[in-house]
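Asks: Attaching a predicted model along with its sequence, questions to come.
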Amino acid sequence: MPRVRSARPENRRRRKSASMPTEAVAAPVAPVEVRPVRGVKLKHVSTITMIVALLCLFAYLAGRVDVSAATSTAGATQSATKEHTMFLGLRTAKYEVADIAKAKEWYSKALGMQPYFDEPAFYVGYNVGGYDLGLVPAPKAETKRAAAGVAYWGVEDAHGAYKRLIELGATPVEEVQDVGGGMLVGEVRDPFGNVLGIIYNPQFKPGETK
């Protein structure tokens, strides 16, 4: 009797095939766009590093330099500047007079004003454009003594002021003359022996004085 082949092996194959997992189909992947990274190039980094190193070297060397001489020179210059700027300007011109009563009368007439400070025993002062003209009693003051430290008083008309002082009793010392830059100066001696200077200076600005 012919043998009949069993169908079991085929069934087993089918079962095994059915039991095996189906391979997943990979979906197509979109290409990723690679963008260039913006940054500092290597050669630029090297240059910056070199510059920083040089700056550090210079700073180190500068710290080792002896600056004592320069400091002392700067200090001396600053000190000299302070000494030069110590004076704020003219404040008082003092005139010694043997007879202060007569001197007060003469100067009041010559200046066209009365004194703002009137103490004949020791001082009579006039405010002349913000500056002080002072008369000091000196019984032994000679009427023909040598001039010393002449103060020049500003006028608008040097020739006219000089002429008027002479008319009031002053004596000529130095006539008005042009000394350059448009400046006119002259000197007279008051009746009490003091040399009184007058000046026209177009470059002088009274409002700029302190």
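Replies: Done, it's in. Numbering: from 1, shown residues only.

Asks: What's the end-to-end length of stretch 109-125?
Replies: Terminal residues of stretch 109-125 lie 14 Å apart, using CA to CA, to the nearest Å.

Asks: what residues does that stretch touch?
Replies: 92, 100-101, 103-104, 107-108, 126-128, 132-137, 164-165, 168 (CB atoms under 8 Å, 6 or more residues apart in numbering). From N, CA and C alone the C-beta is placed, and that goes for glycine too.

Asks: Report the rounded mean pLDDT for the helix or strand harbouring L165.
Replies: In this assignment (DSSP states H and E), L165 forms part of helix 158-167. On average, the pLDDT along helix 158-167 is 97.

Asks: which helices and strands does it pack with?
Replies: Packing partners of helix 158-167 (3 or more CB pairs under 8 Å, 6 or more residues apart in numbering; DSSP states H and E): strand 171-180, strand 183-189, strand 195-200.

Asks: Sitting in helices, which of the contacts of stretch 109-125 do you find?
Replies: If you go by DSSP state H, those have I100, A101, A103, K104, Y107, S108, R164, L165 in helices.

Asks: Narrow those residues to just the buried residues.
Replies: Buried subset of the ones in helices among the contacts of stretch 109-125 (neighbour count, 16 or more other CB atoms under 10 Å): I100, A103, K104, Y107, R164, L165.

Asks: of those, closest to E174?
Replies: Nearest to E174 out of these is L165 (CB to CB; 12.3 Å).

Asks: Does that closest one touch V195 like I think?
Replies: No: the pair L165 / V195 is not scored as a contact, 11.5 Å apart, by CB atoms under 8 Å.

Asks: shared neighbours of the two, which are they?
Replies: V188.
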